[in-house]
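Asks: I need the structure of the sequence given here:
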Amino acid sequence: MAAVAARDPEQRIVFSLLPQASRLKNVRYDIRGPVLRRAQELESAGHRILKLNLGNPAPWGLNTPEPIVRDMMQNIDAAQGYSDARGIHSARLAVAQYYQERGVRDVGPDDVFLGNGVSELIVMSMQALLNPGDEVLIPSPDYPLWTGAVNLCGGRAMHYRCEESAGWAPDLEHLASLITDRTRALVIINPNNPTGAVYSEETLLGLLDIARRHQLLVLCDEIYEKIIYDGAVHHHAAVLAPDLLILTMGGLSKTYRAAGFRSGWLVVTGPAVGAEEYLEGLQLLANMRLCPNVPAQFAIQTALGGYQSITSLVRPGGRLHDQRESAWSKLTDIPGVECTKPDGALYLFARLDPAVHKIRDDQQLVIDLLNQQHLLLSHGTGFNFPTPDHLRLVFLAPTDVMDDAIGRLGRFLETYRQ
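Replies: Presented below is the predicted three-dimensional model:
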């Protein structure tokens, strides 16, 4: 046998052509795209960037409650092997009981899939559902992972309008006009990211009636369900429509300030007749990933059953409530800036009056803001909003930090022109 020549360790393989997979061509996730890359470049050059672009509680001292961390650590020895593909039984039982207590009928641990955050479960729900060309109704503006997941799976995101003048409530007539024979599912994000809208019972019943009439799968992103203000009431779609097949998604990232744990859940409720193959597909995908992150699953039972510390944060005098109040007031004091006060979530989705701020490219605007003021925000079109006249600010930072940030934005807008 001929000897094999040793490869020179200094030699590098150069691919003549290594294209991106074609299924990624229509996938966008702009809120972590060019703007974030520019921020990383500035940080590498030694600049300190004030980041109000992500709903990540930990950098602002909003830490995971100690009992949740302690229980996860105490169970670490039991978390060394794979769990059931859907997740450990005690955590799934805790999730099922949580929804039972809120009026969801006939839900048990076998109806629960745990995931590496809601993000993984969103992608899995689309992978199991969509064939090329199938359509999914998604709000505009949206949490862009929903649109990205639909496109990644070969589907087509159909964005239904949410009306800023109506507190960002969905336009039901516009939604109904988008339905075709290829429409498979309706996505509801409540409370909404990025607008902070908390949908009324009437609005939800209207959305669910459309799904009922057109036999659509309903997917409810309820990750912010306990982050609500000023007496707003969150309604679970699964309670309002027990006759519909509904996938409800929640997790520990926001309410329990455990974003890095990557611990979320998907709960299947309603009649499964006719959906057996779809649910088998979800199980197949759960099996293929082996299991969710096991240590973080041990945090779920303690989180759902223990003291709900979020309550004190969102009431008057609580940190999140007061940061929202202060930031909204100062933001809307900037000439030409308007913002519907959010009833839920962690964001201000502000409008730049086109009569005052003539913006053609909002991504370029946030890059210019980043370059000039070292302030990182998110542009509205990154949330699949059609016009370049909105920005999203996260109000997780303490009031003095928010004051600084909004001051920088105001100074920037005084002279900025496109």
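Asks: Show me where the stretch 51-200 of the chain has its strands.
Replies: With DSSP state E, counting those that start in this stretch, the ranges of strands along the stretch 51-200 of the chain come out as 112-115, 135-140, 156-163, 169-170, 183-189.
Asks: Residue 304: neighbour count?
Replies: Using other Cβ atoms under 10 Å, residue 304 is surrounded by 20 other residues. In this view, the C-beta of every residue, glycine as well, is placed from N, C-alpha and C.
Asks: cool, the one 10 residues further on as well?
Replies: Other residues within reach of residue 314 by the criterion other Cβ under 10 Å amount to 20.
Asks: Then residue 311?
Replies: By the criterion of other Cβ under 10 Å, residue 311 has 11 neighbours.
Asks: can you tell me which residues contact it?
Replies: With contact taken as Cβ atoms under 8 Å, 6 or more residues apart in numbering, residue 311 is in contact with residue 226.
Asks: likewise residue 309?
Replies: residue 65.
Asks: pLDDT at it, what is it?
Replies: Residue 309 carries a pLDDT value of 94.
Asks: cool, residue 15 as well?
Replies: We have a pLDDT of 61 for residue 15.
Asks: 687 is where my numbering starts, stick with that
Replies: From this message on, residue numbering opens at 687, which makes the last subject residue 701.
Asks: Could you report the distance from residue 922 to residue 726?
Replies: To residue 726, residue 922 is 39 Å away according to Cβ to Cβ, to the nearest Å.
Asks: Between the two, which is the more surrounded one?
Replies: Neighbour totals were compared for residue 922 and residue 726, and residue 922 leads with 21 against 11 (other Cβ under 10 Å).
Asks: What's the local residue count around the closest residue to the more buried one other than its chain neighbours?
Replies: Leaving aside its sequence neighbours, residue 922 sits nearest to residue 788 (Cβ to Cβ, 6 or more residues apart in numbering; 5.8 Å). When counting by other Cβ under 10 Å, one arrives at 14 neighbours for residue 788.
Asks: my read: residue 788 touches residue 925, true?
Replies: Yes - the pair residue 788 / residue 925 is scored as a contact, 6.4 Å apart, by Cβ atoms under 8 Å.
Asks: Where does pLDDT dip in the protein?
Replies: For the chain, the stretches with pLDDT under 70 are 687-702, 716-717.
Asks: Would you mind giving the secondary structure of residue 714?
Replies: Following DSSP: H, G, I helix; E, B strand; the rest coil, we place residue 714 in the coil state.
Asks: was I right about it contacting residue 828?
Replies: No - between residue 714 and residue 828 there is no contact under Cβ under 8 Å: 11.6 Å.
Asks: how much space between the residue nearest the centre of the chain and residue 843?
Replies: In the chain, the centroid-proximal residue (Cα atoms, centre = their mean) is residue 829; its distance is 5.0 Å. Applying Cβ to Cβ, the value for residue 829 to residue 843 is 12 Å.
Asks: And for residue 722?
Replies: 22 Å.
Asks: quick one: the helix or strand containing residue 895 to strand 842-849, angle?
Replies: Using DSSP states H and E, residue 895 falls within helix 887-899. Interaxial angle, helix 887-899 versus strand 842-849 (axes from the mean of the first three to the mean of the last three Cα atoms, to 10 degrees): 150 degrees.
Asks: Just after helix 887-899, pick out the following helix or strand.
Replies: Counting by DSSP H and E, the next helix or strand C-terminal to helix 887-899 is strand 903-907.
Asks: Residues contacting that following strand, please?
Replies: Residues outside strand 903-907 that contact it (Cβ under 8 Å, 6+ apart) are 804, 808, 811, 815, 829, 832, 870-876, 894, 897, 922-924, 927, 930-935, 961, 964.
Asks: Residue 1062: what's it in contact with?
Replies: Counting by Cβ under 8 Å, 6+ apart, residue 1062 touches 721, 722, 725, 735, 736, 737, 738, 739, 1052, 1056.
Asks: Go ahead and confirm the fifth one touches residue 1061.
Replies: Yes - because the distance of 5.0 Å satisfies Cβ under 8 Å, residue 736 is recorded as touching residue 1061.
Asks: Look up how far residue 1073 lies from the closest residue to residue 857 other than its chain neighbours.
Replies: Ranked by Cβ to Cβ, 6+ apart and with sequence neighbours excluded, the top spatial neighbour of residue 857 is residue 847, at 4.4 Å. From residue 847 across to residue 1073, the span is 11 Å (Cβ to Cβ).
Asks: Any idea what residue 937 is bridged to?
Replies: As for beta bridges, residue 937 partners with residue 950 under DSSP bridges.
Asks: Contact partners for it?
Replies: Listed by Cβ under 8 Å, 6+ apart, the contact set of residue 937 reads 801, 803, 804, 909, 949, 950, 951.
Asks: Now do it against residue 1078, distance only.
Replies: 20 Å.
Asks: Can you show me the helices along the stretch 687-836 of the chain?
Replies: Here the stretch 687-836 of the chain has its helices, by DSSP state H, counting those that start in this stretch, at 720-730, 752-760, 775-787, 803-813, 830-838.
Asks: Among those helices, which comes closest to residue 979?
Replies: Evaluated over the helices of the stretch 687-836 of the chain, closeness to residue 979 peaks at helix 803-813, with 8.8 Å, by Cβ to Cβ.
Asks: Thanks again, I'm all set now.
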